[in-house]
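Q: Make a model of this:
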Amino acid sequence: MLRCHDSSLFKKDFNVGLCHVTAQSASVQDQRGNMALAAGSGLFVARRVCAGSLVGVGVRGVRGLGALSPGEARSALQPARLLSPLPPLRGSPGRRSSRRCRSAACPSEQSGTGGSGYRRGAALWSALAFSIFGSTDERTEAQKTEDEIILLLKKAKYSMMTGELEAANVFLHKAVRLAHQSHNNDAIIYTYSLMANLAFIRGQLDNAEKLFKAAMSFLLSGGTPQDDNAVIEMSLKLASIYATQNKNELAEHGFQFCTESLEAKIEKHKELPPDALSEEERKDTRLLLGLTLDARARYLAASHRLAGACRDYRLALQICQEEQGESHPQTLVLMSDLATVLDLQGKHDEALAQVQKAVDLGQAAGHPEQHILLGNMAGILMHKGAFEESVKLYKEALALAQAAGDAEAVEQIEEGLKELKKREEKQSTNTKEDPLSK
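A: Residues are numbered from 1 along each chain as shown. Just a heads-up that it's a prediction; the model follows:
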């Protein structure tokens, strides 16, 4: 069992938007939140792109680690960047589960570094291993330990990607033990973040919370500022855990901290001379704001605060369009999510226009989950009473989902078709009983 510094409890303090850590022994408790939109909504929430390749890994921070030798990986290893904050909305018939890596995609995957501000980890990683020991033999021993940590992390990441989560957990515990023994804070932070994401995807939310706090504690104690993107992203993940646990006050303070910190940071960026900030860092910060707004939008939608959810979705969509382009898969996901909320508000025409745009762009761009967008559009048409058009789209979506081998989508689309049949039968019965209709 992994243990942090001692057995005292973490102190929760979102007055500055962070969870300050005294320490906490890690324990495992399976908790799953129950965040759901109104039953019978009949819509999917489009599954987030990149989830398949990244959620299993859980942390962005090593560029191409799986393809690197230990020596190459050593210089690339940096403080961890984290994945998406919110678990899927659950419980609505016909609504597609949602997992994402980053509002407007995965910038760290595109940039290859995980954002500026983390490059210092590469230098620290190399420096730490060689500054502790004096002799050549001792340096060689440190090198071996370092290589062993990297190999364990590679094995853990591979196990997570292949679904062997218990094996990944074993590798990570070995890695963090070696990282502590060698007093390598960057390795500790990176490994804790991987462990936290692993706990998160296993539904072990209490454990994930403690591990994220431990990683944040090491990050802050190393001099990382509170408005650093890595700290904000960890805070966002914690806020999302609180949302899933229905700890609403902590969740809302966390979302507020992340949003306000990023907005203030972006305003500061505008005042800097052009050469003072890399395009990569500017873009990464805006994309993180988009992720935060999207996460809060899903939280608000789950709490039936649809006006606020709609506002945040619009802002997230704007950022995604500006930074990634209108045809980017994540832009289409956000269009579909916005359409979902508009439909729940009864704004069926606006919702239909939004999802129609997503469907058209997705078809032109070859969106890998076009069947999800079509399923959303079919649901909106059903709510408008356009049953004939709805059934046509549902059948088209079903054929695409079956061809793609997407069992979850097939199930959801079939539920939508059942709901559509009930509505058609009800309308037919009402028409027969209404003498004015004859």
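Q: May I see the buried residues of the helix or strand Thr429 falls within?
A: With elements delineated by DSSP states H and E, Thr429 resides in helix 407-433, which encompasses its position. With burial defined by 16 or more other Cβ atoms under 10 Å, the residues of helix 407-433 counted as buried are 409-410, 412-413, 415-417, 419-420, 423-424. C-beta coordinates here come from the backbone N, C-alpha and C atoms, glycine included.
Q: next one: stretch 334-349
A: Buried residues in stretch 334-349, counting neighbours by 16+ other Cβ under 10 Å, are found at 334-344, 347-348.
Q: Next: stretch 309-322.
A: Taking 16+ other Cβ under 10 Å as the neighbour-count basis, stretch 309-322 is seen to contain the buried residues 309-313, 315-317, 319-321.
Q: As CSV, the residues you listed with distance to Ala365, pLDDT and secondary structure would be great.
A: Converted to CSV, those look like this (distance: Cβ to Cβ, whole Å; pLDDT from 0 to 100; DSSP: H, G, I helix; E, B strand; the rest coil):
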residue, distance to Ala365, pLDDT, secondary structure
Ala309, 26, 98, helix
Cys310, 25, 98, helix
Arg311, 27, 98, helix
Asp312, 25, 98, helix
Tyr313, 20, 98, helix
Leu315, 23, 98, helix
Ala316, 19, 98, helix
Leu317, 16, 98, helix
Ile319, 19, 98, helix
Cys320, 14, 97, helix
Gln321, 14, 97, helix
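Q: how does the protein divide up, domain by domain?
A: 1-30+49-83+118-225, 228-424 (automatic domain parsing).
Q: what pLDDT, on average, does the first one get?
A: Translated: domain 1-30+49-83+118-225. Averaging pLDDT along domain 1-30+49-83+118-225 gives 64.
Q: In the stretch 201-350 of the chain, what residue spans correspond to helices?
A: Counting by DSSP state H, counting those that start in this stretch, the segments of the stretch 201-350 of the chain that form helices are 205-221, 229-244, 248-271, 279-302, 306-324, 329-344, 348-365.
Q: could those helices be laid out in JSON lines, adding distance to Leu381?
A: As requested, the helices of the stretch 201-350 of the chain are arranged in JSON lines below (distance: least, Cβ to Cβ, whole Å):
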{"stretch": "helix 205-221", "distance to Leu381": "37"}
{"stretch": "helix 229-244", "distance to Leu381": "31"}
{"stretch": "helix 248-271", "distance to Leu381": "33"}
{"stretch": "helix 279-302", "distance to Leu381": "21"}
{"stretch": "helix 306-324", "distance to Leu381": "20"}
{"stretch": "helix 329-344", "distance to Leu381": "10"}
{"stretch": "helix 348-365", "distance to Leu381": "7"}
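Q: so which of those gets nearest Leu153?
A: Counting by Cβ to Cβ, Leu153 lies closest to helix 205-221 out of the helices of the stretch 201-350 of the chain; the figure is 14.1 Å.
Q: Helix 229-244 and the closest one, what's the angle between them?
A: Using axes from the mean of the first three to the mean of the last three Cα atoms, to 10 degrees, the inter-axis angle of helix 205-221 relative to helix 229-244 is 160 degrees.
Q: need the contact list for the closest residue to Ala365 other than its chain neighbours.
A: When the adjacent residues along the chain are set aside, Ala365 lies closest to Ser327, with 4.5 Å between them (Cβ to Cβ, 6 or more residues apart in numbering). Neighbour list for Ser327: 361, 364-365 [criterion: Cβ atoms under 8 Å, 6 or more residues apart in numbering].
Q: And Ser327, what's its pLDDT?
A: With respect to pLDDT, Ser327 has a value of 94.
Q: And Phe257, by the same measure?
A: In this prediction, Phe257 has a pLDDT value of 97.
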